[in-house]
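> For reference, the sequence and a predicted model appear below.
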Amino acid sequence: MQSIPLWQPSPERIAAANLTAFMRYVRERCGADIRDYPALYDWSIADPDRFWPAVWSFCGVIASTQGETVLADRDRMPGARWFPDARLNFAENLLRRRDDATAIVFWGEDRIKSSITYAELHAEVSRLAQALQAAGVKRGDRVAAYMPNLPGTVIAMLAATSLGAIWSSCSPDFGVQGVLDRFGQIEPSILFAAEGYFYNGKTINLIDRLKDIAANLPSLQKIIVVPYTRGDPDIDGIPNAVNVHGFMNPYHPREIDFVQLPFDHPLYIMYSSGTTGVPKCIVHGAGGTLLQQLKEHVLHVDLKPGDRIFYFTTCGWMMWNWLVSALAARATLLLYDGSPFAADGRILFDFAEAERMTVFGTSAKYLDAAAKIGLEPRKSHKLVALKCILSTGSPLVPESYDYVYSRIKPDVQLASISGGTDILACFAVGNPVLPVWRGELQCRGLGMKVEVYDDDGQPVRGKKGELVCTVPFPSMPVGFWNDVGGKKYHAAYFDRFPGVWCHGDFVELTAHDGLIIYGRSDAVLNPGGVRIGTAEIYRQVESLNEVVESIVIGQDWDRDVRVVLFVRLRDSLVLGQALVDKIKKQIRDHTTPRHVPAKIVQVSDIPRTKSGKIVELAVRDVVHGLTVKNLEALANPEALQLYKDIPELNL
């Protein structure tokens, strides 16, 4: 085991951390003698009736009523109810600041730059909310967005939720069927849509797609078109379409009448990846989303007023919803839309330097790709303000920790975080007062009783097993849309271990009380009855210079399962026996003989979801001759053809 962490917060950083102030607050207000994070964590899961109100007050939740009851029906999971008497509005909490400081900075690749102050943000939300109300939008209506990651998308979400409407969004890189698979289930009355977007220097026109969407979504009463790639797009051919500027023009800024709603009032409808069928519609409540994300932003990310937080995300990934809540911490949002590798791969670090970014959020795949193309921001950019790098989306391999500290910034906190669309929050998070250990997520999140279960449902430490959460938490979904009796919701998380949330990650709880994630449980390999996390293989394969990326599956073979590895190599390289032997040796030397693939196959592309996650289950289905049910969920569905009827896999 490592004896020295990669990063250790200085005494000054610890003293100034919000977490340190929160521990002092708990000692003074709650009478709990909390002096360090382990004690705080233990208290947070043992005494939710005092912990969550402490988060509420410390983070300054705005509500007309909090109510005396913290948790009702606490013995039901699912079914527990948080703050059942509370009344609040999500948008009101994000619009708490109204001064002339910068609220949002936007870059659209290297073409468009803009910013908006907190005062301007409030004014624009006020005008749009009035326009939506005049159009008939009311509590419980669904307002959807087919939008890039623009300031206007944030404004539209805040305007809709100020009225009590339910917000749902997907990225404009979805095709028409992908949009219909999602929005067709929830029947929105309003759709916000850009007329186009930029990606990797190209302009993509969305007008024809909007015509098809309008023709196939009969619930739509109005499509509000937001100009982005051109100033005055021709929208005459889109039924019930109006330019957002004309829609808002009759209205002037005024105080917003934020509708006060129950804690569990639906706020967002999110979607599962949809690679095994039509996406599930996951409904999240306003209070649970706000309280969890405030806890994470203020206590775990250590956001303070004046911090400038960025996350590379589209509006189809839950990290967009997570990012925008940073407004409630009075931070500045740095929004980017387009390719992360524009401007010779430097664009995100150009953004970080130019805008004095303090928190840089990205995916594990981005960091791996940046290392592969030789980016060295430590030499090429001045990242003086940067204090934290966040990573999620897939397991962050130990070599990426090395890359961050050797090539990006040696004194930065690297926080690999993990949770998901299912909870709109994290089970494992960063921590400004704890060290960073190579290959480990720093800690379990406050208030989240995360354990690792073996196959018999017994908690284990230092061994691999299922990530579970054994007590209720505020951001559990309200339910699934149109799920009568909650059957789909229960089956998704509670069938494996009744009364316990089973998240579907294959993990290990470490001696440092951190976590190592080995991959999704449903993609775990099982040769000879031994469970192997796919991340263990990716780590070794992708450390080789010849391999750009890889995907591994288990193929049913000879009454067992054999490991099959697909590799995408650097340009012009061909997979010969020498490289096959090198890959196998790398895996054998650093894992076990059972990890070594029985077959290694070269491919030219690897299929992935719109948010960049590789789709092991879809590849496994194709290899086994099964039909992939929802190609619209993939960014590059044509890549699946590469895995069909491969002669080598019949031997």
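Good, I have the coordinates.
> you'd agree residue 362 is up against residue 348?
Yes: in this structure residue 362 lies within contact range of residue 348 using CB atoms under 8 Å: 7.2 Å. Every residue, glycine included, has its C-beta placed from N, CA and C.
> higher neighbour count, the two?
Between residue 362 and residue 348, counting by other CB atoms under 10 Å, residue 348 is the more crowded of the two (26 against 21).
> which one is that one nearest to, not counting chain neighbours?
Setting aside the residues directly before and after it, residue 348 is nearest to residue 340 in space (CB to CB, 6 or more residues apart in numbering), at 5.6 Å.
> What are the phi and psi values at that neighbour?
For residue 340, the backbone dihedrals are phi -70, psi -10 (criterion: degrees, to the nearest 10).
> ok, back up a step: what touches both of residue 362 and residue 348?
312, 340 (CB atoms under 8 Å, 6 or more residues apart in numbering).
> can you give me the strands for the stretch 501-650 of the chain?
501-509, 515-520, 547-557, 560-569, 599-602 (DSSP state E, counting those that start in this stretch).
> do the stretch 351-500 of the chain as well
Along the stretch 351-500 of the chain, counting by DSSP E, counting those that start in this stretch, strands occupy 359-363, 388-392, 413-416, 418-420, 425-429, 443-444, 450-453, 464-469, 479-480.
> Columns mean pLDDT on top of those, output as TSV?
Conversion of those to TSV gives the following (pLDDT from 0 to 100):
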stretch	mean pLDDT
strand 359-363	97
strand 388-392	97
strand 413-416	98
strand 418-420	94
strand 425-429	97
strand 443-444	98
strand 450-453	98
strand 464-469	96
strand 479-480	96
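> Out of those, which gets nearest to residue 574?
Nearest to residue 574 among these is strand 359-363; the distance by CB to CB comes to 29.0 Å.
> For residue 81, which non-adjacent residue is closest in space?
If you skip the residues right next to it in sequence, residue 81 has residue 72 as its closest partner in space, 4.4 Å away by CB to CB, 6+ apart.
> I figured the one you found hits residue 85, correct?
No: with contact taken as CB under 8 Å, residue 72 and residue 85 are classed as non-touching, separated by 9.2 Å.
> Tell me which other helices or strands whichever strand or helix holds residue 154 touches.
Here residue 154 sits within helix 151-162, counting by DSSP states H and E. Counting contacts by 3 or more CB pairs under 8 Å, 6 or more residues apart in numbering; DSSP states H and E, the secondary-structure elements packed against helix 151-162 are helix 90-94, strand 102-108, helix 118-134, strand 142-146, strand 166-170, strand 190-194, strand 222-226, strand 332-337.
> what's the angle from the third one to strand 190-194?
Okay, so that is helix 118-134. Counting by axes from the mean of the first three to the mean of the last three CA atoms, to 10 degrees, helix 118-134 points 130 degrees away from the direction of strand 190-194.
> What's the local residue count around residue 257?
14.
> Please list all residues in contact with it.
Counting by CB under 8 Å, 6+ apart, residue 257 touches residue 162.
> Select, out of the strands of the stretch 501-650 of the chain, the one closest to residue 329.
Evaluated with CB to CB, the strands of the stretch 501-650 of the chain place strand 515-520 nearest to residue 329, the distance being 24.5 Å.
> Just the angle for the closest one relative to strand 464-469, thanks.
With the same axes, to 10 degrees applied, the angle from strand 515-520 to strand 464-469 works out at 100 degrees.
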